[in-house]
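Participant: Coordinates for the following, if possible.
(chains A and B)
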Protein chains: 2
Amino acid sequence: MICKTVLSEISHIVGSGHLISSGDKLAEYACDSTKLSSMPDAVIFPGTEKEISLVLMLATQKGFPVIPRGAGSGMSGGAVPVKGGVVMAMDRFDHILSIDRDNLIAKVEPGVITAHLQRAVENVDLFYPPDPASIEISTIGGNVAECAGGLRAVKYGVTRDYILGLTIVLPTGEIIKTGVETMKGVAGYDLTRLITGSEGTLAVVTGITLRLIPKPTAKKTMIAFFTDVRSALQAVSDMIRKKVIPTILEFIDRSCIECVREEMDIDIPRKAGAMLLIEVDGDKELAERQAERVFDVCGREKSLSFETACNNEEAERLWAARRNVSPSLYKLRPDKISEDIVVPRSRMAGLVTYLGELSRRYGLPVPAFGHAGDGNIHVNIMFDNNLPGEPENAHKIIRALFEKVIGMGGTITGEHGIGITKAPYLEMEIPRAGIELMSRIKKAFDPKGILNPGKIFNLSGQVSGIKESGKR
Amino acid sequence: MICKTVLSEISHIVGSGHLISSGDKLAEYACDSTKLSSMPDAVIFPGTEKEISLVLMLATQKGFPVIPRGAGSGMSGGAVPVKGGVVMAMDRFDHILSIDRDNLIAKVEPGVITAHLQRAVENVDLFYPPDPASIEISTIGGNVAECAGGLRAVKYGVTRDYILGLTIVLPTGEIIKTGVETMKGVAGYDLTRLITGSEGTLAVVTGITLRLIPKPTAKKTMIAFFTDVRSALQAVSDMIRKKVIPTILEFIDRSCIECVREEMDIDIPRKAGAMLLIEVDGDKELAERQAERVFDVCGREKSLSFETACNNEEAERLWAARRNVSPSLYKLRPDKISEDIVVPRSRMAGLVTYLGELSRRYGLPVPAFGHAGDGNIHVNIMFDNNLPGEPENAHKIIRALFEKVIGMGGTITGEHGIGITKAPYLEMEIPRAGIELMSRIKKAFDPKGILNPGKIFNLSGQVSGIKESGKR
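Facilitator: Numbering: from 1, shown residues only, chains lettered A, B, ... in the order given. The predicted structure follows:
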């Protein structure tokens, strides 16, 4: 609990109109997309770097937690104030400061919604590729904190690949510029990429310099159904061997297909065991040539059905299949835990087979969809929190899944981060010496441990003071 | 000085056949490409991670410096043992462990020559794009240590963009795997990119997992001469506006042209004030279409002359112009300091104009060439070490150059690193709070400061115990 005197000091810094310390509005800042929940003492909406610096200095002096927050759309509990304290909502840092067409650079504040940024740069014929599924609600600051990935990563990379420099405020109050505003730069340690993906535990980001690329002029969207996952993934391998790196290479498995079958405005072959949504881009000629190569690889002979969109409207119709998957899975069970593991692409078929084994062993549906181009699979463990045994079995599936993934040379998180949900499992992937090194780095930034405490590092396996509420 | 007992302990760890502690052979490890020189106490050639771990533990215990070294081709003194100690030469870690065509991944040891790696992956129709000028002699481990760039960075990025994971040995002896062997991964802090570009000051790299891409099937090489740098750089902007991102976009200025004019087997217009070497790649059709767009932008009307290579032999002839620049500059003066500053692309013409002012003000030639696509300019300050005033003026030019570059929103090093040559200037770019944070990170890795001491951080501006020998 933060005492009244300290709250009033904080209020003095940010202005009383930018602090909430009670009521329903405060409760909104207790949880994120995981629906895990823990009440903060207060939420503030700072308006300047100076205010952030002063609050952080006060926090380091008095020892209260500060939890930076974007839109609260995180998938691993990164913005949940598990130890109470002050949620620092970056809502007022919502300006696109500049889009520089000569140098292909944008400067933005962290509270800008990523989709707004994308539309703004596309309006001047440029392109910011990272596209996490949350793009219409998540902020670019949140994307930096989690190193968000997305569907286009197979061709264009992830958030990290587009961050040139940052302005950060350290937990001890210093305001620092990291990185560069140019295409290259190697002066000193790479603080920019160290902050990217650090889940709000090292510094508060107040400014972001992004690299942009020219906007591709054309794209072609295709959909193909296969008898099983193995043949779909074989098609993926064949495309890449033919030097086609699609922009989008999404797959959904049989169980997902059955969930969306009714709702979709496309013919789904009865025997369909896997679907690929494929998009290629470039200039018009290149996009068409690549689409031809995709057809060569998974055209009608090798797939059950294959369709190419002739216009944007048709492309949207094909996209609907992929977009409807995640919500439609609740037909299977009322509760969901969604993991974002990654395995080497060549091991994907093996992993999906293993998911079938887990599903049978524990009696729960485990539908999978995801990014077939980069091996990043969203594994959905469906259960009913109110049925005895099901939550326990769901957690057994998670552990077995992670063991398998790590054994295959993969990782337990491709784009959601560790946060609190994966903290108990981190040591399965990163040996103790690595976690200890990370803890020392944390201390180099945050000697009193005030910034987003309880995240990433949690060797005890217990999350204290947290409530599960509703669906995850 | 390391005492005999400790040297014998080291010898016991690596084997006496893998330690040199006297003679001419030892002197070879005193310097790197900067020609700055400082004698080590010994050089060792460890054969296993275990040996490296034991030597580092001993160093942390006894307090002697360890300097990791690849080929010694660094441009900022990173491998010079400025405080004596043990040079750890990674020559025996020279194996390409695997090239995985299904997952587009290579696993290599750090002592592999980068060009050998490139040829090996190209033999199986894959591509490792980073191509520092030193590629035929430098090692991939050295490239990781410096985050080497190169000519193709404008399209394909730098070393950092291709490193997925590392095996490292900490100065305290722990062996850790960082990062992933998959296309995505965000578990814990990004140690992989923190190590990349850390100039051998944080850990010894013993294994590298690299991302590969499909090899482009075709390229087109072009050369164009312009009346001045401004019109050449205008052409560069126009290309990028037309969505052509060339693989190569090298420019050389008037002074460089005059140095290579005699030696080159191409017609150089008498009034030529700037040259662009341009290469585009892709599949055959795309490369040709892009070459047409390049011609539209800087064809015969807008340039003094324009030539497209019809085959590899002709391309090599065009390349010779760019390749001959660096050595031919010694026609101007016997000594050279080469900087690798970066400015936003739109500021390049302004910077080159400023170089002319500096040249006139200090009476020294300052020819420039470099990577026009990413604003990374190699500024060459030519002087005669034996002429009174010239070395001093050269250093005045460096400081004035760095001030200008930073004022333009640029960086003092795009690909060479800070090492010892730029350490006195680091605080011009990175504020004290940032350098102090980096020092704390250094301490989190290396509590006793035994790994490559005296590099990057040198706030005193003095380098002790160092000799300048011959040309730089």
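Participant: Name the nearest residue to residue A:303, ignoring sequence neighbours.
Facilitator: Nearest in space to residue A:303, with sequence neighbours left out and distances taken as Cβ to Cβ, 6 or more residues apart in numbering or on different chains, is residue A:224 at 4.3 Å. Heads up, the C-betas are built off the backbone N, CA and C, glycines and all.
Participant: just to confirm, which helix or strand has the one you found in it?
Facilitator: strand A:218-226 (DSSP states H and E).
Participant: That strand: what's the following helix or strand?
Facilitator: helix A:229-241.
Participant: CA atoms only for that next one, dumped as PDB, please.
Facilitator: The C-alpha atoms that make up helix A:229-241 are tabulated as PDB, following Å, rounded to 0.1, in the frame of the first residue of the first chain:
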ATOM      1  CA  VAL A 229      -1.000 -30.600 -41.600                       C
ATOM      2  CA  ARG A 230       2.000 -32.500 -42.900                       C
ATOM      3  CA  SER A 231       1.200 -31.900 -46.600                       C
ATOM      4  CA  ALA A 232       0.400 -28.200 -45.900                       C
ATOM      5  CA  LEU A 233       3.800 -27.800 -44.200                       C
ATOM      6  CA  GLN A 234       5.500 -29.600 -47.000                       C
ATOM      7  CA  ALA A 235       4.000 -27.000 -49.400                       C
ATOM      8  CA  VAL A 236       5.500 -24.300 -47.100                       C
ATOM      9  CA  SER A 237       9.000 -25.900 -47.400                       C
ATOM     10  CA  ASP A 238       8.600 -26.200 -51.100                       C
ATOM     11  CA  MET A 239       7.700 -22.500 -51.500                       C
ATOM     12  CA  ILE A 240      10.800 -21.400 -49.600                       C
ATOM     13  CA  ARG A 241      13.000 -23.800 -51.600                       C
END
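Participant: Would you mind pulling up the elements that that helix packs against?
Facilitator: strand A:218-226, strand A:248-253, strand A:274-282, helix A:284-298, helix A:348-362 (3 or more Cβ pairs under 8 Å, 6 or more residues apart in numbering or on different chains; DSSP states H and E).
Participant: Can you tell me what sits against the following helix or strand past the fourth one?
Facilitator: If I follow you right, that is helix A:284-298. Stepping forward along the backbone from helix A:284-298, the first helix or strand reached (DSSP H and E) is strand A:305-308. Contact with strand A:305-308 is made by A:220-225, A:266-269, A:272, A:291, A:295, A:298-300, A:318, as judged by Cβ atoms under 8 Å, 6 or more residues apart in numbering or on different chains.
Participant: same thing with stretch A:245-253?
Facilitator: A:151-152, A:154-156, A:216, A:219, A:221, A:229, A:232-233, A:236, A:239, A:260, A:273-281, A:290, A:294, A:321-322, A:325, A:352, A:355, A:367-373, B:213-214.
Participant: Could you tell me which of those residues count as buried?
Facilitator: A residue is treated as buried here by neighbour count (16 or more other Cβ atoms under 10 Å in any protein chain shown); on that basis the buried members of those are A:151-152, A:154-156, A:216, A:219, A:221, A:229, A:232-233, A:236, A:239, A:260, A:273-281, A:290, A:294, A:321-322, A:325, A:352, A:355, A:367-373, B:213-214.
Participant: And the nearest residue to residue A:100 once chain neighbours are set aside, its phi and psi?
Facilitator: Once its chain neighbours are removed from consideration, residue A:100 has its nearest residue in residue A:106; the separation is 7.0 Å (Cβ to Cβ, 6+ apart). When read as degrees, to the nearest 10, the backbone of residue A:106 gives phi -120, psi 140.
Participant: and residue A:106, bridged to which residues?
Facilitator: According to DSSP bridges, residue A:99, residue A:210 are recorded as the beta-bridge partners of residue A:106.
Participant: Neighbours of it, how many?
Facilitator: Neighbours of residue A:106 under the rule other Cβ atoms under 10 Å in any protein chain shown: 26.
Participant: so what's residue A:223 up against?
Facilitator: Residues in contact with residue A:223 (Cβ under 8 Å, 6+ apart) are A:266, A:275-278, A:306-307, A:318, A:321.
Participant: Give me the pLDDT value at it.
Facilitator: In this prediction, residue A:223 carries a pLDDT score of 95.
Participant: One more: the one 4 residues further on?
Facilitator: Residue A:227 is assigned a pLDDT of 96 by the prediction.
Participant: Excluding covalently adjacent residues, which one is nearest to it?
Facilitator: Closest residue to residue A:227 in three dimensions, ignoring its sequence neighbours and counting by Cβ to Cβ, 6+ apart: residue A:273, at 5.2 Å.
Participant: now do residue A:213
Facilitator: Counting by Cβ to Cβ, 6+ apart, the nearest residue to residue A:213 once its immediate chain neighbours are dropped is residue A:127, at 5.1 Å.
Participant: wait, the one you found sits on residue A:117?
Facilitator: No. At 11.1 Å, residue A:127 and residue A:117 do not qualify as touching, with contact defined as Cβ atoms under 8 Å.
Participant: Would you map the helices across the stretch 351-472 of chain A?
Facilitator: Here the stretch 351-472 of chain A has its helices, by DSSP state H, counting those that start in this stretch, at A:390-407, A:426-429, A:432-445.
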